[in-house]
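A.B. asks: need a structure here:
(2 chains)
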Amino acid sequence: MLSPEFNPLYWITKIIACAVLLQGLELLQIRRAFAPDGIWTWETLRQEFDFFPRIVQWALRATLDYPRVLIVVLAQIVLAFILLAAAQPQPVPVIGLLITTGLMALRWRGTFNGGADYMTVLVLLVLSTDALFHPSPIVRLGCLWYLSIHTILSYFISGALKLRDADWRSGRALQRFLSSPPYDPPVFFVNLSKHPRLMLLGSWTILAFEVSFPLCVANPRICAVYVCAALVFHLMNVAAFGLNRFLFAWSAAYPALYYCSTQNIITNI
Amino acid sequence: MNRRVFQLFRAWVPSWRFFETHSEQAVLFYRVAAAGDEMGEWRPALQRPRRSWYSIVLNGEGNLHLACYALLDQLEEDISEFDAAQLDSFSHTPSYQLIQNLVCFLLHKRDELRSGCKYQFKVSRILSRGADAFEEILVSPVHRV
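C.D. replies: Sure thing, here's the model as predicted:
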């Protein structure tokens, strides 16, 4: 039975606030990379926006040029703190975070970290929609299901596409990813990758987990098992590939999944 | 134009395709020399930063390292739209300039960037790990500081 105190949007807000706070702190850590003597310099990037109307180009330069872009990052951190401290989700900080996240995605030519950015924007979009239409229960329910469906699809589509690939079915793909230059995983994982049977087992574990993920909304107990498995999966990705942002971004969606699993959708069909 | 718009706003259109297929990753090499000297050996540019126990929470350098590899992927995608006759104009594109910025940033960080010296970079794809065989995607002209 669902506790009457369980408020999925409260927990989604808290977790995504943590995620965005950490993202902001990471951007401060690497601020030299987007400074004028860095890599993603505004001087180079502004060409990407030359098709926008002049007023938009001016607005982007006003917010994304260095050092003004640091104000966007600091705003992101402050808004995240406000959301963490607030007793209930607040519309202004939520919408503010959606704007700062969107601006930073533009600053990095679309995304900084790929998948984690997609999920962060998705969660903030859902929270913003709920905030704008508050207190509509239909919109709230729609937002929770929208987020849940996308979360389920993120695992299912990823798994289904892998399942089509013979290299994934044989374990060779996992072996190659574990020795791929961008990730250069720790020695423990490199040693694991030298055992074909372990790679085969690992591949099929991942495939089975991802492709069966839609079952997570069958009931709350099954959902809890899948959420635990997902957390282990993401922790392994952090350890092997350094993908820490995925852990926090996806965790923000799990309260929505759990709520939807209490809706008895299987028995109601 | 449509592709540029989609690239800039792709965070708003989720793509749930992760580790789908493995194709060999593009890698970045550089070489540097003082003015008047012969160019040195090609060296790998990107080195994964050391991870610490708090990387699970804060991993700025690690995520930056991955973002640099994403720049190489973007360059590979963009250069495929240029034919051989247009490659000179490719050096004016943001993709090329970002890689050039990256090389200068790394040279500066490693204290190899001195006034008057020259550098060159190339983006290659691994063909065969055992034989260290690479396919060159782009070789830059020699740039002077």
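A.B. asks: What helices and strands are in contact with the lengthiest helix in chain B?
C.D. replies: In chain B, with assignment by DSSP state H, the single longest helix is helix B:60-79. The contact analysis (3 or more C-beta pairs under 8 Å, 6 or more residues apart in numbering or on different chains; DSSP states H and E) places helix B:60-79 against helix A:8-29, helix A:244-251, strand B:26-33, helix B:87-90, helix B:94-109, strand B:118-128, strand B:133-139. Yep, even glycine has a C-beta here, placed from its N, CA and C like the rest.
A.B. asks: A:Gly171 is nearest to which of those?
C.D. replies: In terms of C-beta to C-beta, the element of the helices and strands packed on helix B:60-79 nearest to A:Gly171 is strand B:118-128, at 20.1 Å.
A.B. asks: buried ones in that closest one?
C.D. replies: Applying a neighbour-count criterion of 16 or more other C-beta atoms under 10 Å in any protein chain shown, one finds B:118-126 buried in strand B:118-128.
A.B. asks: Between these, which sits nearest chain A?
C.D. replies: B:Ile126 (7.8 Å; C-beta to the nearest C-beta).
A.B. asks: How about the contacts made by the residue lying closest to A:Ala17 once chain neighbours are set aside?
C.D. replies: Nearest residue to A:Ala17, sequence neighbours excluded (C-beta to C-beta, 6 or more residues apart in numbering or on different chains): A:Leu83, at 3.9 Å. A:Leu83 is in contact with A:13-14, A:16-17, A:89-90, A:93-94, A:97, counting by C-beta atoms under 8 Å, 6 or more residues apart in numbering or on different chains.
A.B. asks: part of a helix, is A:Leu83?
C.D. replies: Yes - per DSSP: H, G, I helix; E, B strand; the rest coil, A:Leu83 lies within a helix segment.
A.B. asks: Count the neighbours of A:Thr44 for me.
C.D. replies: 19 (other C-beta atoms under 10 Å in any protein chain shown).
A.B. asks: any idea how far it lies from chain B?
C.D. replies: A:Thr44 is 5 Å from chain B, where distance means C-beta to the nearest C-beta, to the nearest Å.
A.B. asks: Can you give me the buried ones in the strand or helix carrying that residue?
C.D. replies: For A:Thr44, the host element (DSSP states H and E) is helix A:42-45. Under the neighbour-count criterion of 16+ other C-beta under 10 Å, helix A:42-45 has A:42, A:44-45 buried.
A.B. asks: quick one: the next helix or strand after that helix to chain centroid distance?
C.D. replies: Sequence-wise, the next helix or strand downstream of helix A:42-45 (DSSP H and E) is helix A:54-64. In terms of C-alpha atoms, centre = their mean, to the nearest Å, the centre of helix A:54-64 is found 27 Å from the chain centre.
A.B. asks: What lies in contact with stretch B:77-94?
C.D. replies: A:44-45, A:47-48, A:109, B:95-97, B:137-138, B:140-141.
A.B. asks: Return the residue of the chain that is most distant from the centre.
C.D. replies: Unless you meant another one, I'm taking chain A. Ranking residues of chain A by C-alpha distance from their mean position (C-alpha atoms, centre = their mean) puts A:Arg54 at the top, at 32.3 Å.
A.B. asks: My question was about chain B, not that one.
C.D. replies: B:Trp53 (27.7 Å).
A.B. asks: Could you measure from the residue farthest from the centre of chain A over to A:Arg61?
C.D. replies: As judged by C-beta to C-beta, to the nearest Å, A:Arg54 and A:Arg61 stand 10 Å apart.
A.B. asks: Can you get me a residue count around whatever residue of chain A ends up closest to chain B?
C.D. replies: Ranked by C-beta to the nearest C-beta, the top residue of chain A for proximity to chain B is A:Gln29, at 3.2 Å. Applying other C-beta under 10 Å, we find 15 residues neighbouring A:Gln29.
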